[in-house]
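**Student:** generate a structure from the sequence data that follows.
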Amino acid sequence: MEVILLEDIGGLGKRGTAVRVADGYARNFLIPRKKAIEAVGNARAVFKDRERARVAHEAKQRQGAERLREELMGVSLQFSVEAGDEDQLYGSVSAHDIQEALAAKGYSVERKAVRLAEPIKSLGVLEVPIHLFEEIEAPVKVWVVRK
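**Tutor:** So this is what the prediction gives:
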């Protein structure tokens, strides 16, 4: 059976290529999991239409992410927290706290987009990257000061 791949599949081919596979592999795995469509009739035209729409949607998302990146680069967040001797915090500043502070300033980002390896547990200034789209990240300055 000939199918058109909807995503890159290792050992089989790249997105958009027509490949010949076993009937069972196509019917039981590729097609139900939306990894391929059967290459019959106007399937190539349908795929090209889908691909054009996907590329346009991706370009729109990328443009929005670039705009948001420019806005976020100037953002600075300040957290006033209790700290003990040697500037160690009694609590911590987590990705969730940063996401809420950004939301309070009017920026809608998901918590998992805040690239914080571990919660901040000491006073100081850090640049925390916010993942916006594929390879687009915006650095946000986070100031952690003593209350």
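**Student:** where in the protein is pLDDT low?
**Tutor:** Residues of the chain meeting the criterion pLDDT under 70: none.
**Student:** pull the distance from stretch 55-63 to the chain's centre.
**Tutor:** How far stretch 55-63 lies from its chain's middle: 13 Å, per Cα atoms, centre = their mean, to the nearest Å.
**Student:** over to stretch 117-129?
**Tutor:** 21 Å.
**Student:** buried stuff in it?
**Tutor:** Buried positions in stretch 117-129, judged by neighbour count with 16 or more other Cβ atoms under 10 Å: 120, 123, 128. C-beta coordinates here come from the backbone N, C-alpha and C atoms, glycine included.
**Student:** what sits against the residue positioned nearest the centre of the chain?
**Tutor:** Nearest to the centroid of the C-alpha atoms of the chain, with distances taken as Cα atoms, centre = their mean, sits Phe133, at 4.9 Å. Applying Cβ atoms under 8 Å, 6 or more residues apart in numbering, we find Phe133 in contact with 61-62, 64-65.
**Student:** go on, Leu72?
**Tutor:** Counting by Cβ under 8 Å, 6+ apart, the residues that Leu72 touches are 102, 107, 130, 132, 138-140.
**Student:** could you check the distance from it over to Ile31?
**Tutor:** Distance of Leu72 to Ile31, computed by Cβ to Cβ, to the nearest Å: 41 Å.
**Student:** before we move on, back to that, which of the contacts of Phe133 fall in helices?
**Tutor:** The members of the contacts of Phe133 that map onto helices under DSSP state H are 61-62, 64-65.
**Student:** give me the neighbour count for Leu30.
**Tutor:** A count of neighbours around Leu30, defined by other Cβ atoms under 10 Å, yields 24.
**Student:** distance of the spatially closest residue to it that is not a sequence neighbour relative to Arg15?
**Tutor:** Residue nearest to Leu30 in three dimensions, not counting chain neighbours: Ala36, with 3.9 Å by Cβ to Cβ, 6 or more residues apart in numbering. Per Cβ to Cβ, Ala36 is found 10 Å from Arg15.
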